[in-house]
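Asks: A structural model of the following input is requested.
(one chain, ligands or ions: 1)
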Amino acid sequence: MPRVRSVIPGRQRWDVPDVCGRPVVARLIESLLSEHEDVVEAHANPVTGRVLVRHDPAVPPQRIAGLVREAVTLTRLYARSHAVRTTASAAAANRPDAGHPGEPADPTRPRKLSAALVRGGAVAVAALACGKYCMALLARPLVSLGLAGAATAVVVRKAWSRSDRARQRTKDGTTPRHHPLRTIIGRHKRQLGMATLLSVLAQLAEMALYALVPSTVLLLAKGESATLAALGVAGATAQLSVLVGAALVACLAMAALGYGAGVAWRKLGQTVEDDWRTRTYAHVQQLAPADLESERTSRVSTVLAEDISQLGNFVGGHLHETVQLATSLAALIPVYLLLAPQIAWVAFAPVPLVTWLSFRFHERAVADHIASGEHRARLSSGMADNLQAHTTIKAACTEEYESTRIAELSREYREANVSTDRSAAAQAQTLRLAGCSALVGTLLLGGRAVLKGELASAAFGPLIELPGIALVRLTRLGGITDQYQRTLAALERVQYLNDLPVESGTEGCRLPAQQVSGDIELRKVTFAYPGRPPALRDASLTIAPGRTTGIVGATGSGKTTIAKLLLRFRHLDEGHVLLDGTDVRTLALPDLRHAIGYVSQEPFLFDSTIAENIRYGTFDATDEQLVEAARTAGAHAFVDALPDGYDTLVGERGAALSGGQKQRIALARTILRDPPVVVLDEATSAVDNETEAAIQHALQAFGTNRTMIVIAHRLSTVRSADRIYVLGSGGLVAEYGTHDELVARDGTYATLWRLQAGLRVPA
Ligand SMILES: Nc1ncnc2c1ncn2[C@@H]1O[C@H](COP(=O)(O)OP(=O)(O)OP(=O)(O)O)[C@@H](O)[C@H]1O
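Replies: Residues are numbered from 1 along each chain as shown. As a prediction, this is how the structure comes out:
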């Protein structure tokens with residue numbers, strides 16, 4: 001049965017065992033899901049058996065789950081009615097191009113096969129019947145080139161529609177206004193023009209060189225070149241010098257222009273990548289925290305790193321190849337038509353075949369690479385886990401077990417690679433063979449034409465090797481098309497991220513931090529995280545300006561959520577959150593966030609020095625101010641004791657510091673900012689009681705005339721607060737008062753206090 005792995009708004013991942021090892025089932029499920037208008041993209045991986053469905057986030061997840069189950073059921077029904085393979089046919093299924101045993105046959109396969117047979121038969125019959133007439137027709141250059149062109153177009157079109165899973169769509173499902181390439185290149189059209197020009201010239205220089213070498217050999221054989229003599233260069237020696245000189249110039253031009261083109265394309269690729277990355281990153285910075293939270297961090301960073309690199313790599317590498325291919329074909333066809341029209345057909349006959357083979361082999365190579373990529377991913381994650389879990393491994397004495405496990409993964413990866421490499425080598429040589437057949441055919445027919453005197457050897461000689469250049473480039477067509485498809489898919493993901501709405505509200509009412517008194521009120525607030533029951537239900541409380549207010553309560557009672565709503569990290573569903581009597585939704589967002597300093601339970605430290613971390617957000621603070629803030633946060637003593645003091649590097653996410661030290665650095669950062677309202681959300685939960693008492697003592701002066709909201713589980717943290725709220729479930733205020741009042745009331749707080757103080761709790 002299909003099993004859901006993860007559900008987040010707009011995306012679901014499923015484990016569908018039916019897909020595992022069955023590409024046709026995977027394709028069927030993808031197309032069944034993609035038919036639904038709510039589904040933006042469906043991808044079924046026959047290697048891992050996973051199905052990824054991207055959908056309109058407004059559609060309830062249950063509906064998408066229903067669609068996935070329905071697609072799996074339909075596929076099974078289809079499999080039962082169409083693909084009961086007999087043992088005999090299973091033997092045939094072992095062919096590399098056959099599907100997985102037991103998987104439903106491609107529904108269109110019998111029809112396709114018979115249509116192909118009919119078409120092939122018809123062509124053969126026609127060829128036999130027409131015989132000489134057909135050959136005469138083919139010998140007409142425009143007819144043969146037209147046929148080769150049409151056949152190539154059919155092959156390309158078929159391959160395109162087969163692999164076109166990443167059709168570009170805009171968010172509302174309409175066709176984009178610009179061609180995707182134009183969207184990718186953006187405003188760098190001049191750079192594109194220059195790179196294209198250099199590519200075209202480099203390609204022409206290369207072709208000239210390939211034409212000059214046989215011309216020189218011909219001159220040596222014949223003793224004179226009639227063409228050069230007609231141009232006024234008399235004598236074999238002079239003619240040889242001219243040809244060799246021209247070859248040298250072509251050689252230099254090819255190298256110089258090739259260098260220029262390579263640099264220009266790479267530069268363009270880098271520029272495009274840099275442009276998209278800077279723009280997208282700036283956009284991501286502006287996203288609302290709720291939107292960013294709903295997108296997985298790993299997904300966003302994959303888009304920012306890999307997808308944007310794909311755009312740059314395609315422009316810098318594959319677009320260059322495409323221009324070279326187009327130039328070689330565009331230059332070759334007129335040259336042949338002009339100089340040797342009678343052999344043009346044989347020179348270009350392999351074009352559709354090579355194109356077809358290129359696509360066909362590429363599809364197989366992709367499947368091979370997916371399989372070996374899967375093994376590589378398993379090996380890498382196994383090794384990463386292993387390295388991270390070294391303490392656990394040592395403690396459990398499982399070193400040998402782990403070594404064997406990694407060796408097994410490595411062996412599987414090696415075997416997958418060996419078979420991939422073998423088929424890659426076979427494919428490369430088959431393509432080469434197909435390409436070479438053009439050379440042999442050209443030699444045979446061209447040679448006969450020369451012998452019969454129908455074709456001048458001076459015209460035939462330079463042409464022999466030229467189709468080879470185009471055919472070699474053609475072998476890359478499958479790869480280029482695949483890269484283009486991948487680039488479109490990457491562009492779609494990048495654009496999706498860029499289409500996420502930025503945080504609104506920069507234009508609201510102004511409230512400069514100096515004018516904030518810090519009067520805060522939650523009025524009948526109801527808020528639920530997407531797909532969850534309300535975290536706050538009709539919650540109301542007031543926080544007096546310039547005072548310290550403690551908020552305590554059971555885990556999950558909504559304490560942090562109150563802070564998030566105050567900072568507008570989330571938008572409430574009902575009610576009001578007021579700062580100085582103004583609804584925070586109407587305040588200018590920068591003003592609101594400048595007015596409130598927030599220290600979370602798990603503070604984030606950047607991979608830089610302690611001083612830089614404390615200064616983060618108050619970059620112009622003096623050293624004295626920095627040390628003073630660290631003192632107030634109880635951080636100075638331990639920082640001072642470090643060999644590098646404030647210049648100590650804290651490591652990735654502050655890995656080189658203890659939890660309590662990190663918290664004190666984060667506290668110092670907020671203290672240095674000096675905001676009129678401070679929210680400490682379990683900000684000292686990781687420090688020992690003694691240090692916390694010292695921090696509280698230091699914070700007393702800092703908290704004077706400042707609104708301090710202290711969220712804590714440890715009641716000693718809020719003991720000295722002017723008012724303490726005790727939250728029940730859904731953020732409802734169970735009781736409030738000062739510490740002494742609450743203890744005297746003998747309610748929830750008093751019970752908790754006795755528990756934490758180690759006093760006996762009445763039964
Ligand atoms: N990003 C989120 N998505 C979905 N639900 C969430 C999210 N963050 C919190 N919740 C849920 O909202 C409720 C309130 O969470 P909140 O973090 O405000 O509680 P808390 O009182 O601060 O808890 P703790 O004392 O454990 O820190 C919890 O049930 C929690 O599971």
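
Asks: is it true that Ser410 touches Leu379?
Replies: Yes. Under the criterion of CB atoms under 8 Å, Ser410 makes contact with Leu379 at 6.0 Å. Backbone N, C-alpha and C define where each C-beta goes, glycine included.

Asks: which of these two has more neighbours?
Replies: More crowded of Ser410 and Leu379, by other CB atoms under 10 Å: Leu379, with 18 against 14.

Asks: for the closest residue to Glu652 other than its chain neighbours, phi and psi?
Replies: Ranked by CB to CB, 6 or more residues apart in numbering and with sequence neighbours excluded, the top spatial neighbour of Glu652 is Asp607, at 5.0 Å. Dihedral pair for Asp607: phi -80, psi 70, per degrees, to the nearest 10.

Asks: got it, and Ile711?
Replies: Main-chain torsions, Ile711, degrees, to the nearest 10: phi -100, psi 130.

Asks: beta partners for it?
Replies: Ile551, Asp681 (DSSP bridges).

Asks: doesn't Thr561 make contact with it?
Replies: No. Using CB under 8 Å as the test, Ile711 is too far from Thr561 to be in contact (10.4 Å).

Asks: out of these two, which sits in the busier spot?
Replies: Ile711 (26 against 22).

Asks: for that one, which residues are in contact?
Replies: Neighbouring residues of Ile711 by CB atoms under 8 Å, 6 or more residues apart in numbering: 550-552, 559-560, 562-563, 679-682.

Asks: could you measure from it over to the ligand?
Replies: Distance of Ile711 to the ligand, given as CB to the nearest ligand atom, to the nearest Å: 7 Å.

Asks: with Val516 instead?
Replies: The gap separating Val516 from the ligand is 24 Å, by CB to the nearest ligand atom.

Asks: I'd say that residue and Gly597 touch.
Replies: No. Counting by CB under 8 Å, Val516 stays clear of Gly597, with 11.5 Å between them.

Asks: still on that earlier bit, which ones among the contacts of Ile711 come in contact with the ligand?
Replies: Filtering those for neighbours of the ligand using CB under 6 Å from any ligand atom leaves 559-560.

Asks: and the closest residue to Gly258 other than its chain neighbours, what pLDDT?
Replies: Of all residues not flanking Gly258 in the chain, Ala202 sits nearest, at 4.4 Å (CB to CB, 6+ apart). Predicted confidence (pLDDT) for Ala202: 92.

Asks: just say helix, strand or coil for Ala202.
Replies: helix (DSSP: H, G, I helix; E, B strand; the rest coil).

Asks: from the ligand, how far out is it?
Replies: Ala202 sits 55 Å away from the ligand, going by CB to the nearest ligand atom.

Asks: and that residue, what does it touch?
Replies: If you count contacts by CB under 8 Å, 6+ apart, then Ala202 has 253-254, 257-258, 260-261, 324 around it.

Asks: same question for Arg13.
Replies: 4-7, 50-53.

Asks: before we move on, what about Gly468?
Replies: 210, 435-436, 438-439.

Asks: just the buried ones from these?
Replies: Among the contacts of Gly468, those buried by neighbour count (16 or more other CB atoms under 10 Å) are 210, 435, 438-439.

Asks: show me which of the residues you listed is closest to the ligand.
Replies: Gly435 (57.6 Å; CB to the nearest ligand atom).

Asks: near the ligand, which residues of this structure?
Replies: 293, 529, 532, 535, 553, 555-561.

Asks: of all these, the one with the weakest confidence?
Replies: Out of the residues of the chain next to the ligand, that is Glu293, at 71.

Asks: number of nearby residues for it?
Replies: 16.

Asks: my guess is it is in a strand, correct?
Replies: No. Read with three-state DSSP, Glu293 is helix and lies in no strand.

Asks: on the three-state scheme, Val59 is what?
Replies: coil.

Asks: try the one 5 residues further on
Replies: Following three-state DSSP, we place Ile64 in the helix state.

Asks: ok, it - contacts?
Replies: 12, 38-39, 53, 55 are the contacts of Ile64 under CB under 8 Å, 6+ apart.

Asks: out of those, who's the most crowded?
Replies: Val53 (28 neighbours).

Asks: for that one, which residues are in contact?
Replies: Counted by CB under 8 Å, 6+ apart, Val53 has contacts 11-14, 33, 39, 41-42, 64, 67-68.

Asks: one more pass at 6 Å, please.
Replies: 12, 39, 42, 64 (CB atoms under 6 Å, 6 or more residues apart in numbering).

Asks: what of Glu35?
Replies: Contacts of Glu35 (CB under 6 Å, 6+ apart): none.

Asks: would you check how far apart it and Ile596 are?
Replies: 48 Å (CB to CB, to the nearest Å).

Asks: show me where pLDDT drops low in the stretch 251-400 of the chain?
Replies: Scanning the stretch 251-400 of the chain for pLDDT under 70 picks out 294-299, 362-363, 365-367, 369-371, 373.

Asks: tell me the domain ranges of this protein?
Replies: Using automatic domain parsing, the domain parsing of the chain gives 3-92, 141-170+178-499, 513-757.

Asks: those domains: which one's closest to Glu507?
Replies: For Glu507, the closest of the domains of the chain is domain 513-757, at 6.6 Å, according to CB to CB.

Asks: gap between Val351 and Ala470?
Replies: Distance from Val351 to Ala470, by CB to CB: 8 Å.

Asks: measure Pro352 to the ligand for me?
Replies: 56 Å.

Asks: mind checking the SS state of that residue?
Replies: helix.

Asks: what about it, neighbour count?
Replies: Neighbours around Pro352, by other CB under 10 Å: 20.

Asks: equivalent analysis for Glu37, please.
Replies: 10.

Asks: could you pull up phi and psi at it?
Replies: phi -70, psi -20.

Asks: find the closest residue to the ligand in the stretch 201-350 of the chain.
Replies: For the stretch 201-350 of the chain, CB to the nearest ligand atom, closest residue to the ligand: Glu293, 5.7 Å.

Asks: how far off centre is the host helix or strand of Ser716?
Replies: Ser716 is located in helix 715-718, with elements delineated by DSSP states H and E. Taking CA atoms, centre = their mean, to the nearest Å, one finds helix 715-718 lying 46 Å from the centre of the chain it belongs to.

Asks: do the same with stretch 383-391
Replies: 26 Å.

Asks: same question, stretch 594-602
Replies: Centre to centre, stretch against its chain (CA atoms, centre = their mean), the figure for stretch 594-602 is 32 Å.

Asks: now stretch 383-397
Replies: 30 Å.

Asks: so what's Ile610 up against?
Replies: Going by CB under 6 Å, 6+ apart, the list of residues near Ile610 reads 639, 646, 648.

Asks: and the gap between the last one and Gln661?
Replies: The spacing between Thr648 and Gln661, counted by CB to CB, is 10 Å.

Asks: what about the residues of the chain next to the ligand, which are in helices?
Replies: 293, 559-561 (DSSP state H).

Asks: helix or strand right after the helix or strand harbouring Phe359?
Replies: Per DSSP H and E: Phe359 is located in helix 350-388. Toward the C-terminus, helix 350-388 is succeeded by helix 390-396 as the next helix or strand (DSSP H and E).

Asks: so which strand or helix has the closest residue to Met254 other than its chain neighbours?
Replies: Excluding its sequence neighbours, the residue lying closest to Met254 (CB to CB, 6+ apart) is Ala205, at 4.1 Å. If you go by DSSP H and E, Ala205 is part of helix 189-222.

Asks: and the residue nearest to Gly617 when sequence neighbours are not counted, how far from the ligand?
Replies: Distances taken as CB to CB, 6+ apart place Arg673 nearest to Gly617, at 5.7 Å, with adjacent residues excluded. Here Arg673 is placed at a distance of 23 Å from the ligand (CB to the nearest ligand atom).

Asks: ditto for Met194
Replies: 49 Å.

Asks: neighbours of that residue, how many?
Replies: Residues near Met194, counting by other CB under 10 Å: 17.

Asks: can you pull the contacts of it?
Replies: Counting by CB under 6 Å, 6+ apart, Met194 has contacts Ala264.
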